[in-house]
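# task: produce atomic coordinates for the following.
(3 chains)
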Amino acid sequence: MPGELADEGQRRAMLAEIDSSCRAPVLFFVISGLAWLLLGTLLALVTSIKLHSPGFLAGWDFLTFGRVRPAHLNAVIYGFASQTGIAVTIWLMCRLCRVPLISGGLIILAAIFWNVGLTIGLIGILAGDSTAIEWLELPGYSTPILFFSYALVAVWSIITFRLRRESHLYVSQWYLLGAILWFPWLYATAQIMLILEPVRGTVQAAINWWFAHNVLGLWFTPIGLAAIYYFIPKVIGRPIHSYYLSVLGFWSLALFYNWNGLHHLIGGPMPAWMITVSVVASVMMLIPVITVAINHHFTMVGHFGKLRYSPTLRFVVVGALCYTATSLQGVANSLRSYSEIVHFTHHTIAHAHLGLYGFFTMVMFGSLYYIIPRISGREWPSLGLISIHFWGCFLGLVLYVVPLSYGGILQGLAMNDATVPFMKVVEGTLPWLKLRTFAGLLMALGHVAFVGNLVWLLARVFGPYRKPVVAILSGTETPAIAGK
Amino acid sequence: MSPIGILLLFGAMAVPVVALACLRWAAKNGQLQNGDRGALLPFDLEEPLDKATDQILNRKSAKS
Amino acid sequence: MKYGPLLFLGILLTLASSWVGLVLAPYKQLGGLLPNPATNAVGVVSYFPEARKGEAQQGAEHYRSLGCVYCHSQQVRPAGFGGDIDRGWGRRRSVSRDYVHDRPVMLGTSRTGPDLTNIGERQSDYGWHYTHLYNPQITSKGSVMPPYPFLFEKRRIGPGGVSTNALKLVGEFAPGDGWEVVPTPAARQLVEYLRSLKSSYDLPEAPLPKAAGDAVTATAVQ
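Numbers count the residues shown, from 1 in each chain, chains lettered A, B, ... in the order given. Here you go, the predicted model:
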């Protein structure tokens, strides 16, 4: 390890430098992520409306359901979630390794490439070049650009990890390193074996779901858990419930999660052993899920009062609860008897949103509430907009997931009963689909409030500032925070 | 059994053995000691242990 | 825990395990599957599933490009598991060999619409398919499938009278006096593809039920 700083003034200066060095690169990823979030939300609303009003915007091929839906998915997954996740990863890495961000220009270059690649890919999907392989729809001519960008971020992360000034590692760093090393392997395998040089037959399906489940389990989940493990203790000022439990939680997740994917093919044309292996691994996920749940929720015990005043804690705790819920739901979904009913229904869509929205997105929102004031040196200008953001997203989430999960079960039961005409099954889903559009509007309201607040924060030339960064850099004592 | 099957079988058996060996090494090497130090890593001079941060929705108190 | 290399090693080994188990092993087991030879009554050998040719193959590209897979599955679950066979979506379960020609394999994960594994056998009428694609409300009132007007051309009826391939549209869906609606090549290819979707051949690992025909007589489209 490079030498640890002994002098207190130097250490304070270093802390300030870590945050200020993150400013441009992290903000670049955050802003582009949120731009994709707005576009993704718009595409989501169009998709949702089309499912109960099929004539809506049906006149153009580039706006047909089968193109808008993958465009939505890829905009939010690779545009919003991945870029925001990378932003949070970068900041957490710098903070936990105790090193200022090196080569910020490289990170910005990576972000530019990521956005260019994704824009090309998304236009490709709308123009009809989608691969129709779920979670991998981006056409083959756009993904190498994304991969190059990702490689820059990964190399940067590993170098930062090697330069760390702190010999001990925190839980979050294990998860972040896992995510950074797992993702390129997953992505490269899927791209090569499915798109560049496709394998034959149902091997494609196996690889497709090995990838698609792992991009959740080994890319988004570790980043989300890393953020929860950092921000809950950080906001309440207390360490996590059990450090040793977190070791168990990490290694059991690493061992079991990556075997889960093929439970998506239950009932499908695959040899039974492949599906059975995944079902077993999915049930084994109870170990990391319960371990992590104990650790997160028990850390909070006695500190629920702080939820009232901290937007970070609110979003992150909701995210942690959703992680537990979506994981338990996921275990249920992987059982043959339950999957027989809910597979192929809107229940799966609700489950995916509980995971990616309820868990990951909420945790990312919470993280940004913490990170942005610290790297920009400015406070959030409007507390009212924060409340609108939280309640819009939270109520939208509940109204989305709970009714659609229930409606999906009804849909599945009806579909398995061959005496029910198929059109009756379709009719039965309509109320839930309409409610989903309403829920989506609430979420959209929250997103607009958040982005509005951020634009306001960045556009304000005068205050409210947090700290005079220059004074800290020169090593003098931090003065009281300059308020409004 | 095919050679690949035998290889897979031995591979599967090797996983727990390697895992146990790693655990033993980690325990003997002190990797599992002083876990509390690791647990305190999120805290620093500016935002130390026992100080709640981000209480910005509390309009009355000072921001942190 | 503070030893970086151990962490690296663990991270790589854990994913390597499932890469071997869920990528390499399926590749070894299924990647070399070939169509099954079958000899008919007069001794001609053909191979099933058959590769798609011509317009049907071009239609698969439209099926992919228009994202049909997001609402329609192409897999029949085994008897007793779900209602697939009872609904008449197929006479036998789907197996890996059914997909050896498909690029990409579009098994689908959603049944917002019905399964299409066997749509070619269940519905072979060109007119039905064209009308349904032009506007599903005509053939299937209450459907949530979007209309695909851009796969059709609305044009003035020529001096030779109404074209032979014009859609027979009546009432509120009629294009108006002096106008006709005809399928574009894309619509024609897509319908050829849909008509080619059949799993009505025997495979050793998934034979058709003995009383073939009985199982499907009672089933209508959808």
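# so which residues of the stretch 201-350 of chain A form helices?
For the stretch 201-350 of chain A, the helices identified by DSSP state H, counting those that start in this stretch occupy A:203-215, A:221-236, A:243-256, A:272-284, A:286-300, A:311-333, A:336-342, A:346-353, in order along the chain.
# so of those, which one's packed in deepest?
A comparison of the helices of the stretch 201-350 of chain A by mean neighbour count, using mean count of other CB atoms under 10 Å in any protein chain shown, puts helix A:221-236 on top with a mean of 28. All C-beta spots, glycine's among them, are computed from the backbone N, C-alpha and C.
# just the C-alphas of it, formatted as PDB.
Once side chains and other backbone atoms are set aside, the C-alpha atoms of helix A:221-236 remain, and they are given as PDB (Å, rounded to 0.1, in the frame of the first residue of the first chain):
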ATOM      1  CA  THR A 221     -27.100  -6.500  -7.400                       C
ATOM      2  CA  PRO A 222     -23.500  -6.200  -6.200                       C
ATOM      3  CA  ILE A 223     -23.500  -2.500  -7.000                       C
ATOM      4  CA  GLY A 224     -26.800  -2.000  -5.300                       C
ATOM      5  CA  LEU A 225     -25.700  -4.000  -2.200                       C
ATOM      6  CA  ALA A 226     -22.400  -2.200  -2.100                       C
ATOM      7  CA  ALA A 227     -24.200   1.100  -1.900                       C
ATOM      8  CA  ILE A 228     -26.600  -0.100   0.800                       C
ATOM      9  CA  TYR A 229     -23.700  -1.500   2.800                       C
ATOM     10  CA  TYR A 230     -22.100   1.900   2.600                       C
ATOM     11  CA  PHE A 231     -24.900   4.400   2.900                       C
ATOM     12  CA  ILE A 232     -27.000   2.900   5.800                       C
ATOM     13  CA  PRO A 233     -24.000   3.000   8.200                       C
ATOM     14  CA  LYS A 234     -22.900   6.300   6.800                       C
ATOM     15  CA  VAL A 235     -26.100   8.100   7.300                       C
ATOM     16  CA  ILE A 236     -27.000   6.700  10.700                       C
END
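# without its sequence neighbours, what residue ends up closest to residue C:55?
By the measure of CB to CB, 6 or more residues apart in numbering or on different chains, the closest residue to residue C:55 outside its immediate chain neighbours is residue C:192, 4.1 Å from it.
# quick one: name the residues of the stretch 251-400 of chain A near chain C.
By the rule CB under 8 Å from any CB of the partner chain, the part of the stretch 251-400 of chain A lying against chain C is A:251, A:254-255, A:258-259, A:261-262, A:264-265, A:267-271, A:274, A:277-278, A:336, A:340, A:343-346, A:348-349.
# could you redo the last one with a cut-off of 10 Å?
If contact is defined as CB under 10 Å from any CB of the partner chain, the residues of the stretch 251-400 of chain A in contact with chain C are A:251, A:253-262, A:264-271, A:273-274, A:277-278, A:281, A:336-337, A:339-341, A:343-346, A:348-349.
# what of chain B?
With CB under 10 Å from any CB as the criterion, chain B comes near chain C at residues B:2, B:4-5, B:7-8, B:11-12, B:15, B:18-19, B:22, B:25-26, B:29-35, B:37-38.
# in ChimeraX, select just the buried ones from these.
Only the buried members of the residues of chain B next to chain C end up in this ChimeraX selection, burial being decided by 16 or more other CB atoms under 10 Å in any protein chain shown:
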select /B:8,22,26,31,35,38
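# helix/strand/coil for whichever residue of chain B sits closest to chain C?
When distances are taken as CB to the nearest CB, chain B approaches chain C most closely through residue B:31, which lies 5.2 Å from it. Following DSSP: H, G, I helix; E, B strand; the rest coil, we place residue B:31 in the coil state.
# can you pull the pLDDT of it?
Per-residue confidence for residue B:31 comes out at a pLDDT of 70.
# just residue B:1 next, same as before
In the prediction, the pLDDT value recorded for residue B:1 is 64.
# do residue B:59 as well
In this model, residue B:59 is scored at 69, pLDDT.
# what does the one 3 residues further on give?
Predicted confidence (pLDDT) for residue B:62: 47.
# surely residue A:198 is in a helix?
No - secondary structure assignment places residue A:198 outside any helix; it is coil (three-state DSSP).
# what's the neighbour count on the closest residue to it other than its chain neighbours?
Excluding its sequence neighbours, the residue lying closest to residue A:198 (CB to CB, 6+ apart) is residue C:103, at 5.4 Å. Other residues near residue C:103 come to 16 when the count uses other CB atoms under 10 Å in any protein chain shown.
# same question, the one 5 residues further on
Around residue C:108 there are 23 other residues, counting by other CB under 10 Å.
# residue A:302 reaches residue A:237, doesn't it?
No - taking CB atoms under 10 Å as the definition, residue A:302 is not a contact partner of residue A:237, at 11.6 Å.
# please state the mean pLDDT value computed over stretch C:172-188.
Averaged across stretch C:172-188, the pLDDT comes to 94.
# can you list the buried residues in that stretch?
Within stretch C:172-188, the residues that count as buried by 16+ other CB under 10 Å are C:175, C:180-183, C:186-188.
# kindly identify which of the residues you listed also come near chain A.
Checked against chain A using CB under 10 Å from any CB, the buried residues of stretch C:172-188 give the following subset in range: residue C:186.
# can I get the buried residues of stretch C:172-188 in TSV including secondary structure?
Compiled in TSV, those are given as follows (three-state DSSP):
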residue	secondary structure
C:175	coil
C:180	strand
C:181	strand
C:182	strand
C:183	strand
C:186	helix
C:187	helix
C:188	helix
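# not counting sequence-adjacent ones, nearest residue to the residue most central in space within chain B?
In chain B, the C-alpha closest to the average C-alpha coordinate belongs to residue B:38, at a distance of 8.5 Å (CA atoms, centre = their mean). Taking CB to CB, 6+ apart, and ignoring the residues beside it in sequence, residue B:38 has residue A:168 as its nearest neighbour in space, at 4.6 Å.
# and what about that neighbour, helix, strand or coil?
The three-state label given to residue A:168 by three-state DSSP is coil.
# doesn't residue B:42 make contact with it?
No - look at residue A:168 against residue B:42 with CB under 10 Å: they stay out of range, at 11.6 Å.
# ok, these two, which is more surrounded?
Ranked by neighbour count (other CB under 10 Å), residue A:168 and residue B:42 place residue B:42 first, with 24 against 17.
# how close does that one sit to residue A:170?
If you measure residue B:42 against residue A:170 using CB to CB, to the nearest Å, the figure is 6 Å.
# distance from the lengthiest helix in chain B to the middle of the chain?
Secondary structure of chain B read by DSSP state H shows that its longest helix is helix B:3-28. In terms of CA atoms, centre = their mean, to the nearest Å, the gap separating the centre of helix B:3-28 from the centre of its chain is 21 Å.
# now the angle from that helix to helix A:243-256?
Interaxial angle, helix B:3-28 versus helix A:243-256 (axes from the mean of the first three to the mean of the last three CA atoms, to 10 degrees): 170 degrees.
# distance between the helix or strand just after helix B:3-28 and the chain's centre?
Per DSSP states H and E, the first helix or strand lying C-terminal to helix B:3-28 is helix B:35-39. Centroid separation between helix B:35-39 and its chain, computed with CA atoms, centre = their mean, is 10 Å.
# stretch C:112-125 too?
In this view, stretch C:112-125 has its centroid 7 Å away from the chain centroid, taken as CA atoms, centre = their mean.
# go on, stretch A:10-22?
Using CA atoms, centre = their mean, the mean C-alpha position of stretch A:10-22 is found 27 Å from that of the whole chain.
# so what's the residue lying farthest from the centre of chain A up against?
No residue in chain A sits farther from the centre than residue A:419, which is 40.9 Å out by CA atoms, centre = their mean. Residue A:419 makes contact with C:83, C:86-87, according to CB atoms under 10 Å, 6 or more residues apart in numbering or on different chains.
# same thing with residue A:354?
Taking CB under 10 Å, 6+ apart as the contact definition, residue A:354 lies against A:322-323, A:325-327, A:329-330, A:397, A:400-402, A:404-405.
# would you quantify the distance from it to residue C:124?
Applying CB to CB, the value for residue A:354 to residue C:124 is 42 Å.
# and the contacts of the helix or strand of chain B with the lowest mean pLDDT?
Ranked by mean pLDDT, DSSP states H and E, the weakest helix or strand in chain B is helix B:35-39, scoring a mean of 79. With CB under 10 Å, 6+ apart as the test, helix B:35-39 has contacts from A:166-171, A:173-174, A:229, A:233, A:238-244, A:246-247, B:49, C:1-2.
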